[in-house]
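*Asks:* fold the stuff below for me.
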Amino acid sequence: MQFCYIFIVAVLIISSNIVQADGGDTASTIKACNRAVSEGDTAKALGYAEQILKQNKTNRDALLCKGRAYDGLGQFNEAVTALQAAEKLSATPIDHMVALTLIGNTQKNAKLYPEALDTYHRSLSLAQAQKDKRFERINLNQIGDVLVESNQLDAGLERYLAGSKLSANDNERADNFARIAAVYSSLGKHDLAIENQIKAVLAEERVGDQDHRANAYLELGRVYTAAAQYDKAESTIDKTTKLSKEQGSPFWEAKSYYYLALTKAANGQFTAAKALLADAQHICEKIGEQELDNEIKQAQANLK
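*Replies:* Residues are numbered from 1 along each chain as shown. Predicted coordinates for the structure are as follows:
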């Protein structure tokens, strides 16, 4: 869907790991494990987790990292088993909320939507009881994600709107505005989609890093494209192209070409779209970006 703050729970885990670890070496290994998961090196992360668990099979932080690593590998049963073991070892409400949210994420990734909703609601209830607005917002958004993925768009939008009211800063506001915009766009409510994505862009321009700003422009371009406002879409997407060249980011350059190609195709400019997709694919092959390359290949197939 949209570029969300996907590491927020991981950051919370890392920030609490250091004081919970068994010792200095263990703390360093846990940090390395979490870093490996964030970087997508799941095999290395599993190695770190098992290294700790051989010494202490009830180390909660190692179990959390192990579960996240298995989730990244698509081994969802193993992930849930590790995360549930960590949840049982949780000693504080926030520990329970972290573990439950990660379990819900894995269940969502496995498309076990009823189970994910139940798990997120358990975490949400804890957050509300603790008056923890941060986790209340996280869980409302995660519930919204599940509902949107299961095509319950209005119900998902309701959760995003509720989560937006709990946003504490521009980072969180940008995240929720983007979620809301994406659903309005899917519902064909283009004016509301544009309004909310512009709000997301403005928030990212205030506080976002290059990645978040680049993605916010692309998403606004996508929303404009869905509304058949092609000139505005192209000028907005060009902001990411310009930013990517200024910052030397081939990934965002390729992604901007991809988004611009989709806009050209929607506007009936198929030759230009094919050329842009070819340029984007060339960059992806050069930098080894497989996920975006797969999306480009699908777009190319759709143009044949």
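*Asks:* now for residue 61, how many residues are close by?
*Replies:* Around residue 61 there are 27 other residues, counting by other C-beta atoms under 10 Å. For glycine as for every other residue, the C-beta is placed from the backbone atoms N, C-alpha and C.
*Asks:* quickly note the distance from it to residue 241.
*Replies:* As judged by C-beta to C-beta, to the nearest Å, residue 61 and residue 241 stand 41 Å apart.
*Asks:* with residue 102 instead?
*Replies:* Distance from residue 102 to residue 241, counting by C-beta to C-beta: 36 Å.
*Asks:* my guess is residue 276 contacts residue 258, does it?
*Replies:* Yes: in this structure, residue 276 is within contact of residue 258 by C-beta atoms under 8 Å, at 7.4 Å.
*Asks:* just the helices in the stretch 51-200 of the chain please.
*Replies:* Per DSSP state H, counting those that start in this stretch, the stretch 51-200 of the chain carries helices over the ranges 60-73, 76-88, 93-109, 113-129, 133-149, 153-164, 170-186, 190-207.
*Asks:* and the first one, C-alpha only, in CSV?
*Replies:* Right, helix 60-73. Provided in CSV are the C-alpha atoms of helix 60-73 (Å, rounded to 0.1, in the frame of the first residue of the first chain):
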residue,chain,number,x,y,z
ARG,A,60,12.5,-13.1,25.3
ASP,A,61,14.4,-10.7,23.1
ALA,A,62,16.1,-13.5,21.2
LEU,A,63,12.7,-15.2,20.7
LEU,A,64,11.3,-12.0,19.3
CYS,A,65,14.1,-11.6,16.9
LYS,A,66,13.9,-15.3,15.9
GLY,A,67,10.1,-14.8,15.2
ARG,A,68,10.7,-11.7,13.1
ALA,A,69,13.4,-13.5,11.1
TYR,A,70,11.1,-16.5,10.4
ASP,A,71,8.4,-14.1,9.4
GLY,A,72,10.8,-12.5,6.9
LEU,A,73,11.5,-15.9,5.5
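*Asks:* for that helix, packing partners?
*Replies:* For helix 60-73, the elements it packs on are helix 8-20, helix 24-38, helix 42-55, helix 76-88, helix 93-109, judged by 3 or more C-beta pairs under 8 Å, 6 or more residues apart in numbering; DSSP states H and E.
*Asks:* who touches it?
*Replies:* By C-beta atoms under 8 Å, 6 or more residues apart in numbering, the residues outside helix 60-73 that reach it are 10, 13, 17, 20-21, 30, 33-34, 36-37, 40, 42, 45-46, 48-50, 52-53, 56, 76, 78-83, 85-86, 89-90, 95, 98-99, 102-103, 105-106, 109.
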